[in-house]
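Novice: All I have is the shape, not the residue letters:
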């Protein structure tokens, strides 16, 4: 414990991970209950709708939320927060208009499951605001608050969804749980922000223009890259729906929920701390490569052991967790273990391209993910490959590209450290 206290990076990671353990424990407990209360088809529809929302949620504020953490001035960070909220609302309204127009234009993915599709923009706004407020709390190192609020939201979502399952409310109850959970705890989360809001002037058009100028690279490069990354994940869901039965999507989504727990538990929290630490090191002209390698080594060890064990026990474990009939989920999990093992490490350093002003690289890397998914889909459609072949192909292709992204992080950190040596005259 003393080592953790002495090293603020690992102390903060430990603090956030500890609180997230509780939140994800609630999520883990809720999943086997839900798979016994709702059908695989309902689970598949829920996953499909959430995937549509998730394409926009991380970019709802046009990634300006990253400036909240990196701004030197507290006043500027407050104004960035103002604008991020306004943009998140605007993006949600635009998404609603797109869905509204598409809903009445012949059969398509937007009207396949009826009016429930109109909950997608609501999910985008509530969860988009959740994202940017976490960035706000991250700026002030309020890691305990982030963790506690995460627990509150997981409890809220689980309660709403389980009650929905008990009363047979179907897909609407599941979606309400996802859309409403971010609202719980928001009053406490915004206490500092609201206090400062009362003591300053409101966001002016001039200030908006200034902030948009600062965030130009995020908007031009990081937003498309992040959108494409989320789109590539949504494509897998859309392609499974197109190639195979809807029940298959339900089983796939159950497996992915299990596989994503380590990413939510570890990568999401580590990335916040690492982004802040490496951003600070770059600003203060300190070396970064040791931080990257040390954390990468630790994460890789955890990832290989964890996903390796999961690969071995997957079919039995899936039946135990999700119930009878879900053994097939274990086979799907085995297909995807490699990708998630590498993804855990790489996504823990999300944002490094932004720190070094190389957002354009990330855009091209993610574009390759989309191209790879489309290519695999066309091959599986033409040759009528089974779903396991589709999933293995996705896993291998994505693993290669994620590894390439991490190598890009390494090169940028190495170049930064070399420039420090040159400038110091060594």
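Specialist: Happy to help now that I have it. The structure displayed is predicted, hence computed values, not measured ones. Numbers count the residues shown, from 1 in each chain.
Novice: Would you check how far apart the closest residue in space to residue 349 that isn't next to it in sequence and residue 359 are?
Specialist: Nearest residue to residue 349, sequence neighbours excluded (C-beta to C-beta, 6 or more residues apart in numbering): residue 409, at 5.3 Å. For every residue, glycine as well, the C-beta is placed using N, CA and C. Per C-beta to C-beta, to the nearest Å, residue 409 is found 13 Å from residue 359.
Novice: same deal with residue 235?
Specialist: 22 Å.
Novice: continuing past the strand or helix carrying residue 30, what's the next helix or strand?
Specialist: Per DSSP states H and E, residue 30 falls inside helix 8-37. Moving toward the C-terminus from helix 8-37, the next helix or strand (DSSP H and E) is helix 40-54.
Novice: what's the following helix or strand after that following helix?
Specialist: helix 65-70.
Novice: Now the element after that following helix, going C-ward?
Specialist: Following helix 65-70 in sequence, per DSSP H and E, is helix 74-103.
Novice: Tell me which residues of that following helix come out buried.
Specialist: For helix 74-103, burial by neighbour count (16 or more other C-beta atoms under 10 Å) applies to 76-85, 87-89, 91-92, 95-96, 99.
Novice: what does stretch 187-196 give?
Specialist: In stretch 187-196, counting by 16+ other C-beta under 10 Å, buried: 189-190, 192-193.
Novice: quick check, nearest of these to residue 239?
Specialist: residue 189 (36.8 Å; C-beta to C-beta).
Novice: That closest one touches residue 145, doesn't it?
Specialist: Yes: using C-beta atoms under 8 Å, residue 189 is in contact with residue 145, at 6.7 Å.
Novice: Overlap of the contact sets of those two?
Specialist: residue 137 (C-beta atoms under 8 Å, 6 or more residues apart in numbering).
Novice: what's around residue 394, how many residues?
Specialist: 24 (other C-beta atoms under 10 Å).
Novice: where do the helices sit along the stretch 251-400 of the chain?
Specialist: 268-283, 289-322, 327-346, 352-355, 359-383, 387-424 (DSSP state H, counting those that start in this stretch).
Novice: Make a markdown table from those helices and add distance to residue 39 and mean pLDDT to it.
Specialist: Formatted as a markdown table, the helices of the stretch 251-400 of the chain follow (distance: least, C-beta to C-beta, whole Å; pLDDT from 0 to 100):
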| stretch | distance to residue 39 | mean pLDDT |
| --- | --- | --- |
| helix 268-283 | 29 | 79 |
| helix 289-322 | 12 | 90 |
| helix 327-346 | 14 | 93 |
| helix 352-355 | 41 | 82 |
| helix 359-383 | 25 | 86 |
| helix 387-424 | 18 | 89 |
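Novice: need the contact list for residue 171.
Specialist: Here residue 171 is in contact with 42, 45-46, 49, 113, 116 (criterion: C-beta under 8 Å, 6+ apart).
Novice: In this structure residue 269 contacts residue 18, no?
Specialist: No: using C-beta under 8 Å, residue 269 is not in contact with residue 18, being 9.6 Å away.
Novice: Same drill for those two, tell me which one is more crowded.
Specialist: Between residue 269 and residue 18, counted using other C-beta under 10 Å, residue 269 has the larger neighbour count: 24 against 13.
Novice: so residue 122 makes contact with residue 181?
Specialist: No: the criterion here is C-beta under 8 Å, and residue 122 misses it with residue 181 at 11.9 Å.
Novice: In terms of neighbours, single out the busier of those two.
Specialist: residue 181 (23 against 18).
Novice: Touching, the more buried one and residue 154? I think so.
Specialist: Yes: contact criterion C-beta under 8 Å: residue 181 and residue 154 qualify, at 7.5 Å.
Novice: Now, of the contacts of residue 171, which are buried?
Specialist: 42, 45-46, 49.
Novice: Overlap in contacts, residue 409 and residue 359.
Specialist: residue 353.
Novice: and residue 164, which of the helices of the stretch 251-400 of the chain is closest to it?
Specialist: That would be helix 289-322 among those, by C-beta to C-beta, at 17.8 Å.
Novice: Spell out which helix or strand contains the closest residue to residue 19 other than its chain neighbours, please.
Specialist: The spatial neighbour of residue 19 that comes closest, neighbours along the chain excluded (C-beta to C-beta, 6+ apart), is residue 147 at 2.4 Å. Assigned by DSSP H and E, residue 147 falls within helix 143-166.
Novice: Distance from the chain centre to that helix, please.
Specialist: 17 Å (C-alpha atoms, centre = their mean, to the nearest Å).
Novice: so for it, what's the average pLDDT?
Specialist: Average pLDDT, helix 143-166: 91.
Novice: which residues are in contact with it?
Specialist: 12, 15-16, 18-20, 22-24, 26-27, 29-30, 33-34, 37-38, 130, 134, 137-138, 170, 172-174, 176-178, 180-182, 184-185, 188-189, 272-273.
Novice: which ones are touching residue 30?
Specialist: Contacts of residue 30 (C-beta under 8 Å, 6+ apart): 157-158, 161-162.
Novice: separation between residue 23 and residue 162?
Specialist: Distance from residue 23 to residue 162, by C-beta to C-beta: 16 Å.
Novice: which one of these two has more residues nearby?
Specialist: A count of neighbours by other C-beta under 10 Å puts residue 23 above the other of residue 23 and residue 162, at 22 against 18.
Novice: ok, residue 373 touching residue 236?
Specialist: Yes: assessed by C-beta under 8 Å, residue 373 is found in contact with residue 236 at 6.2 Å.
Novice: Common neighbours of those two, please.
Specialist: residue 394.
Novice: Next one, pLDDT for residue 178 please.
Specialist: So residue 178 comes in at 94 (pLDDT).
Novice: which element is it on?
Specialist: helix 171-180.
Novice: Return the set of buried residues in that helix.
Specialist: Result for helix 171-180 [16+ other C-beta under 10 Å]: buried residues 171, 173-180.
Novice: try stretch 124-140
Specialist: Applying 16+ other C-beta under 10 Å to stretch 124-140 flags 124-139 as buried.
Novice: now what about it, what contacts it?
Specialist: Outside stretch 124-140, the residues touching it (C-beta under 8 Å, 6+ apart) are 53, 56-58, 60-61, 64-66, 68-69, 71, 77, 81, 84-85, 88-89, 91-92, 95, 143, 145-146, 153, 178-183, 186, 189-190, 192-193, 272, 276.
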